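Participant: what would the 3D arrangement of this be:
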Amino acid sequence: MKFAKQLGLRSIPSWAPYYLDYKSLKGYIKTSFKGLAGPLESLESVDHEGQEHCSQMETNGAEPKITISEPPESSDSGPITSDQEASKEKNASDDAAYEASVNIAVEGFKALLWAELEKVNARYEAQERVAGVNLERLNASYLLEFSQTNITGFKKIIKKFDKHYRGCQSTSQLSSSASSTPLSEQGNDGTDSANTITYPAPTAVDPDAPSTLSMFSNLSIHGRGTPTIYLPNGYLEPASSLQPQEPLIRNMSSPGSSKSVFYHNYYGGVSALSLELWKMVIERTFAKSEKDERLLTEARALWRKRTPVVPEHVSPLLLNVDPKDYPVWDDLDLESLPSGRLTRLWIVLAESAMSTPIKVPVLVAKGVRPGPVVGLTAALHGNELNGIPLTHRLVLHEIQCQALHGIVVAVPVANVPGYLAGQRGFSDGTDLNRLMPGKKDGSTSQVYSYNLMTRIIRHFTHLIDLHTASKGRVNSLYVRANMQNSTTRHMARLQNPQIIVHNTSPDGSLRGAAMQQYNIPAITVEIGDPSRFQKRFVKNAILGVTNILSHLKMIEDDHEVQDYEPVVCAKSYWIFTKGGGILNVLPDVNTWVRKGELIATLHNIFGEEEHRYFAPEDGVVVGKSVDPVCQSGCRILHLGVVSDRFPEGKIDDGHQ
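Facilitator: All right, here's what the predicted structure looks like:
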């Protein structure tokens, strides 16, 4: 999702006017720098070509050097004509006009950025003064959310500015200071002095600069390293870098190319001007909270260790095999499966009235080394489908069995009868997620639940149960987990959802039964809406699953950090209607509401307003109803409440 849309979703409604006006700044950058693109080529293609050449030089054992084509010799045929002088004056005039246009764009952006910073910071400081002794609790919800959202916005808009600004640096600017560049009389390898350049040793660096660079780099304001700048032959390189105290050129050359290669040693790949803009940000009060987030990010990196790829030859998997021909088992025997490959099979859980087996599909990715057994279950409610493509993509495309430590087991459809009927419940209409761990000698659905637990789930060491909203409702991407359990708390945070809800699991749930019966750490991941595939939610959820696998040292470190920390709710609950009619729920999912804010209206069938519903307290909208047809006791929205501590005992959101 584009950041501008994310900003709209993350904004606290009553504070909306005080957020960074990201769209306006982005529009200014595009408009102001339009037509100012200089003769420099795309930084993307330049970086790629330069890195390839550098690698080739190192492979061949050659010492890289920097070369520049000899500038064209001046003609001795006669004196400079008036036309030539006029041409030079015109070029100089054009260069001056170009530089003036760039400077106007830069100064305009500075002014707009300054105004936005003042607006955001004034709001933050005002709320900080109002908060007083309750600042710590407020920081855990609104104030911290406000500051983090705006910090991300300023980070991204400065990155965008930096990209456009560097792209319009004209060669006339770069060559204007070339006259002071010292040339050696002869290169170290005996090459002509006209083509070899000697650079002075770097001088001492400002002691304050590394800290700025460190913060800037840790915040990842720019993704690439030092940018490459290509100059056409005949242009001399600049005498100094944008940071005079740093060396201008890194060892790099392109002797066989028609161009000369220069590496301007910006700080972390970012121009000095952008560093100046970022200093404007970090000097503000609201930006101070980012320091703690940066330290938290660094701490997370220590959780993960790289798992080496273990090369092992395995026979290729046969293609074009009919699913009916996959083996059918009564129990998941992981020990008997081959290592280093993917296995597809069926597990029988019950029998139909036609005396045919009711079997669930199972995908097993078994690694070449011992490790945890992570299980993923999807479609335990038959119409909650987003987990199905997640299991397919994870097991079939993301995991390399030859580099896997441990086993990943995916059950794409856990409730086969419900899936075939396109309904939430089992064939008898019961909710399997309220029957666990089932009964060996119970009803049809109880027996099915019992066999699911004993034949598949009990083999796991960790469980991720994938769900969506129910029919007529929509969800954010959120996780339900027991946040007082250290293992499930880590799993929930690694999942990188929009929201985390502290929930000890309702009676009869698969998650609760796994933890109580077999002591298997388990979380529930709610992935959007029912009866559809949502690629955006699936993509984000699969990144979270790979984070968990990485944390368990099952795969290489593939941790992805999203733009925002999830909102962690100490509790959550559903708000219900008092009567029936036509329901209109106002706030969107994953947005904040304040106590007393209007959240829904209820009209009768004649169009007359019957009732208004207001938020009982401050909170975030985890999910909501989108079905306008409403009876007494219908759901309005699922409200998550942020607090400075998790309550003791059983916590349930009333989810049925």
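Participant: now the helices: where do they sit in the stretch 351-500 of the chain?
Facilitator: 387-393, 416-421, 444-455, 486-494 (DSSP state H, counting those that start in this stretch).
Participant: what bits of the stretch 51-200 of the chain have low per-residue confidence?
Facilitator: Residues of the stretch 51-200 of the chain meeting the criterion pLDDT under 70: 51-84, 87-88, 90, 130-145, 169-200.
Participant: now do 50
Facilitator: Within the stretch 51-200 of the chain, the segments meeting pLDDT under 50 span 51-77, 133-140, 170-200.
Participant: swap in the chain?
Facilitator: Where the chain drops to pLDDT under 50, the residues are 1, 38-77, 133-140, 170-268, 290-318.
Participant: picking that back up, can I get the helices of the stretch 351-500 of the chain in CSV with distance to Gln534 and mean neighbour count?
Facilitator: The C-beta positions use only the backbone N, C-alpha and C, and glycine is treated the same way. Formatted as CSV, the helices of the stretch 351-500 of the chain follow (distance: least, Cβ to Cβ, whole Å; neighbours: other Cβ atoms under 10 Å):
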stretch, distance to Gln534, mean neighbour count
helix 387-393, 9, 22
helix 416-421, 18, 19
helix 444-455, 26, 22
helix 486-494, 21, 20
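Participant: so can I have JSON lines of those helices showing distance to Tyr478?
Facilitator: Formatted as JSON lines, the helices of the stretch 351-500 of the chain follow (distance: least, Cβ to Cβ, whole Å):
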{"stretch": "helix 387-393", "distance to Tyr478": "14"}
{"stretch": "helix 416-421", "distance to Tyr478": "23"}
{"stretch": "helix 444-455", "distance to Tyr478": "24"}
{"stretch": "helix 486-494", "distance to Tyr478": "9"}
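Participant: where's Arg489 relative to Phe646, distance?
Facilitator: Relative to Phe646, Arg489 is positioned 10 Å away (Cβ to Cβ, to the nearest Å).
Participant: which residues do those two both contact?
Facilitator: Met483 (Cβ atoms under 8 Å, 6 or more residues apart in numbering).
Participant: follow-up on the earlier one: out of the helices of the stretch 351-500 of the chain, which gets nearest to Val585?
Facilitator: Val585 sits nearest to helix 387-393 of all these, at 25.1 Å, using Cβ to Cβ.
Participant: packing partners of the closest one?
Facilitator: Secondary-structure packing of helix 387-393 (3 or more Cβ pairs under 8 Å, 6 or more residues apart in numbering; DSSP states H and E): strand 369-378, strand 462-467, strand 522-527, helix 535-551.
Participant: now, of those, which is deepest in the fold?
Facilitator: Of these, the one with the most neighbours on average (mean count of other Cβ atoms under 10 Å) is strand 522-527, at a mean of 28.
Participant: and the angle for that one with strand 462-467?
Facilitator: 30 degrees (axes from the mean of the first three to the mean of the last three Cα atoms, to 10 degrees).
Participant: which helices and strands does strand 522-527 pack with?
Facilitator: Secondary elements touching strand 522-527 (3+ Cβ pairs under 8 Å, 6+ apart): helix 387-393, strand 462-467, strand 477-481, helix 486-494, helix 510-518, helix 535-551.
Participant: for Gly580, what are its contacts?
Facilitator: Gly580 makes contact with Leu602, Cys630, Gln631, Ser632, Cys634, according to Cβ under 8 Å, 6+ apart.
Participant: tell me both backbone torsions, phi and psi, for the first one.
Facilitator: In this entry, Leu602 is assigned phi and psi values of phi -130, psi 120 (degrees, to the nearest 10).
Participant: over to the last one?
Facilitator: When read as degrees, to the nearest 10, the backbone of Cys634 gives phi -70, psi 160.
Participant: next: Lys110.
Facilitator: Torsion angles, degrees, to the nearest 10, at Lys110: phi -60, psi -40.
Participant: same check, this time on the one 10 residues further on
Facilitator: According to degrees, to the nearest 10, the main-chain angles of Val120 amount to phi -60, psi -40.
Participant: residue contacts, it?
Facilitator: By Cβ under 8 Å, 6+ apart, the contact set of Val120 is Tyr18, Tyr19, Leu20, Asn150, Arg284, Phe286.
Participant: try it again with 6 Å
Facilitator: Residues in contact with Val120, defined by Cβ atoms under 6 Å, 6 or more residues apart in numbering, are Asn150, Phe286.
Participant: kindly report the same for Ala615.
Facilitator: With Cβ under 6 Å, 6+ apart, Ala615 has these contacts: Val593, Lys595, Glu597, Ile599.
Participant: can you check Gly438 too?
Facilitator: So Gly438 contacts Gln446, Ser449, Tyr450 (Cβ under 6 Å, 6+ apart).
Participant: quick check: Lys595 vs Val374, distance?
Facilitator: For Lys595 relative to Val374 (Cβ to Cβ), the value is 40 Å.
Participant: and what of Asn150?
Facilitator: 37 Å.
Participant: okay if I get the helices and strands packed on helix 387-393 as JSON lines plus distance to Ser32?
Facilitator: Below are those laid out as JSON lines (distance: least, Cβ to Cβ, whole Å):
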{"stretch": "strand 369-378", "distance to Ser32": "48"}
{"stretch": "strand 462-467", "distance to Ser32": "46"}
{"stretch": "strand 522-527", "distance to Ser32": "41"}
{"stretch": "helix 535-551", "distance to Ser32": "31"}
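Participant: out of the ones you listed, which gets nearest to Asp441?
Facilitator: Ranking the helices and strands packed on helix 387-393 by proximity to Asp441 (Cβ to Cβ) places strand 369-378 first, at 23.8 Å.
Participant: got phi/psi on Ala469?
Facilitator: Dihedral angles (degrees, to the nearest 10) for Ala469: phi -70, psi 160.
Participant: give me the beta-bridge partners of the residue nearest to it when sequence neighbours are not counted?
Facilitator: Leaving aside its sequence neighbours, Ala469 sits nearest to Asn475 (Cβ to Cβ, 6 or more residues apart in numbering; 3.9 Å). Taking DSSP bridges as the rule, Asn475 bridges to Gly623.
Participant: quick one: closest of the helices and strands packed on helix 387-393 to Glu609.
Facilitator: Proximity to Glu609 (Cβ to Cβ) singles out strand 522-527 among these, at 31.7 Å.
Participant: can you tell me what sits against that closest one?
Facilitator: Here strand 522-527 makes contact (Cβ under 6 Å, 6+ apart) with 386, 463, 465-468, 475, 478-481, 488, 491-492, 511, 514-515, 537, 541.
Participant: do the same with stretch 616-628
Facilitator: In contact with stretch 616-628 (Cβ under 6 Å, 6+ apart) are residues 469, 472-476, 478, 499, 567, 572, 582-583, 585, 587, 589, 591-592, 594-595, 635, 637-641.
Participant: of the contacts of Ala615, which belong to strands?
Facilitator: Judged by DSSP state E, these include Val593, Ile599 as members of strands.
Participant: filter the contacts of Ala615 to the buried ones?
Facilitator: Buried subset of these (neighbour count, 16 or more other Cβ atoms under 10 Å): Val593, Ile599.
Participant: would TSV of the contacts of Ala615 with distance to Val545 be doable?
Facilitator: What follows is these, written out as TSV (distance: Cβ to Cβ, whole Å):
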residue	distance to Val545
Val593	30
Lys595	36
Glu597	35
Ile599	33
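Participant: tell me the two of the contacts of Ala615 that are most distant?
Facilitator: Farthest apart among the contacts of Ala615 - using Cβ to Cβ - are Lys595 and Ile599, which lie 10.8 Å from each other.
Participant: quick one: the residue nearest to His392 when sequence neighbours are not counted from Leu390, how far?
Facilitator: Nearest-residue entry for His392: Pro412, 6.7 Å, with adjacent residues in sequence omitted and distances by Cβ to Cβ, 6+ apart. Separation of Pro412 from Leu390 (Cβ to Cβ) stands at 9 Å.
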